[in-house]
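Q: A predicted structure for the sequence below; I have some questions about it.
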Amino acid sequence: MNIYWSIALITFKEGIRNRALYGISLLALLLLAANQLICSMIMRDVGKVAVDIALSSISLAGLLIVFFVGINLLAKDLDRKTIYMVLSRPISRAQYLIGKYSGIALLLVLSVLILALFALASIYLVKGTYPDYFPRFSLAMILISIGFSLLSLLVLAAVSFFFSTLSSSSFTTLVLTIVTYIIGHSLQEVKSLVEAPGLVGIKVSATTVGMVRFASYFFPNLTLFDLKAQAAHALAIPGSYLLWVFLYGIIYIVVVLFAACMIFSRRQFA
């Protein structure tokens, strides 16, 4: 456990010192600060817009952290060959990889918590200015949405680690992670479309249906974690659904990290 914690702490400190993190944080804070201005220009659905902007700012900042900070933290060790110095010690490759992921996960958790405080402050500021436009407001749903947004970021970070074990190029890993994000947010709609083509009057081949179904098992369904609409409208969500999505996210992370460790343990470094 000390080995995992040591690697995680070093990775976390590297992430904190990354200059890109400050730019991402500044962008998110500017979006949250603009929440009041944007809502003042909208005469309808002010409450919905305020919550949506706040939650979207957190999601955007988290994505940028995964894309431009998390991926580079592992790629740096591969590019600079510092991984040889680490692995020359009594540390297995699986311990190194899990420790690195734990450090990035810790960075994401801290970043989301800080942004969540600013997001709630911006929402309550708008709510105090326009109280009549918040007929339905649920702090619990907002917090749940933030929690599941964090879980989706942890899933995406695990996927980026999997791709990092396949390629030494951080650019390739970045592209594959972005593609996974896009597919993950559109896969459910595409799957529903190809499985019921008669609803829209199109013809879909059996091969296409099979490929989409295979992709649905391989790529993460990130749509499940997006609860911003429910939070903005203060809609209740069954606890069974939340539990199922939570378990889905945890199991997906475990499986992907296990596969990454298996590949990384057999990888030959030039």
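A: Okay, I see it. Residues are numbered from 1 along each chain as shown.
Q: got a pLDDT number for I182?
A: We note a pLDDT of 90 for I182 in this prediction.
Q: how about it, phi and psi?
A: Per-residue torsions, I182: phi -60, psi -50 (degrees, to the nearest 10).
Q: let's have the chain start at 21 instead
A: In the new count, where the first residue is 21, that last one comes out as I202.
Q: ok, now how distant is it from A235?
A: Here I202 is placed at a distance of 12 Å from A235 (CB to CB, to the nearest Å). Glycine gets a C-beta too; all of them are placed from N, C-alpha and C.
Q: one more: L174?
A: Counting by CB to CB, the separation of L174 from A235 is 21 Å.
Q: which of those two has more neighbours?
A: The residue with more neighbours, out of L174 and A235, is L174; 22 against 14, by other CB atoms under 10 Å.
Q: wait, doesn't the more buried one sit right on L128?
A: Yes: at 6.4 Å, L174 counts as touching L128 under the criterion of CB atoms under 8 Å.
Q: straight-line length of stretch 140-159, end to end?
A: One end of stretch 140-159 to the other measures 9 Å (CA to CA, to the nearest Å).
Q: of all the residues in that stretch, which ones are buried?
A: Using 16 or more other CB atoms under 10 Å as the test for burial, stretch 140-159 gives 140, 142-143, 145-147, 150, 153-154, 157-158.
Q: and the residues you listed, which of them are in helices?
A: 140, 142-143, 145-147 (DSSP state H).
Q: which of the residues you listed sit farthest apart?
A: L140 and V146 (11.0 Å; CB to CB).
Q: does the nearest residue to L29 once chain neighbours are set aside sit in a helix or strand, and which one?
A: Leaving aside its sequence neighbours, L29 sits nearest to G123 (CB to CB, 6 or more residues apart in numbering; 6.8 Å). Using DSSP states H and E, G123 sits in helix 113-149.
Q: by contact count, what packs against the helix or strand that that helix is followed by?
A: Sequence-wise, the next helix or strand downstream of helix 113-149 (DSSP H and E) is helix 159-186. Secondary-structure packing of helix 159-186 (3 or more CB pairs under 8 Å, 6 or more residues apart in numbering; DSSP states H and E): helix 66-85, helix 91-99, helix 113-149, helix 190-215, helix 248-252, helix 259-285.
Q: residues contacting the spatially closest residue to I30 that is not a sequence neighbour?
A: Once flanking residues are discounted, I30 sits nearest to G123: 6.8 Å by CB to CB, 6+ apart. Contact partners of G123, counting by CB atoms under 8 Å, 6 or more residues apart in numbering, are 27-32, 34-35, 93.
Q: neighbours of S212, how many?
A: Neighbours of S212 under the rule other CB under 10 Å: 11.
Q: buried ones in stretch 157-177, by neighbour count?
A: Going by 16+ other CB under 10 Å, stretch 157-177 has these buried residues: 157-158, 161-162, 164-177.
Q: how about stretch 238-257?
A: 239-242, 244-248, 250-252, 254.
Q: for the residue nearest to L29, give its distance to S60.
A: 40 Å.
Q: which one of the buried residues of stretch 140-159 is nearest to R39?
A: S142 (25.2 Å).
Q: test my guess that the closest one contacts L50.
A: No: using CB under 8 Å, S142 is not in contact with L50; the gap is 11.2 Å.
Q: so, low pLDDT: which residues of the stretch 121-270 of the chain?
A: Under the criterion pLDDT under 70, the flagged ranges of the stretch 121-270 of the chain are 214-226, 228-229.
Q: ok, and what's touching stretch 111-121?
A: 23-28, 31, 93-94, 103, 106-107, 177-178, 181, 185, 277, 280-281, 284-285, 287.
Q: drop anything exposed from the residues you listed.
A: In the contacts of stretch 111-121, burial by neighbour count holds for 24, 27-28, 31, 93-94, 103, 106, 177-178, 181, 185, 277, 280-281, 284, counting by 16+ other CB under 10 Å.
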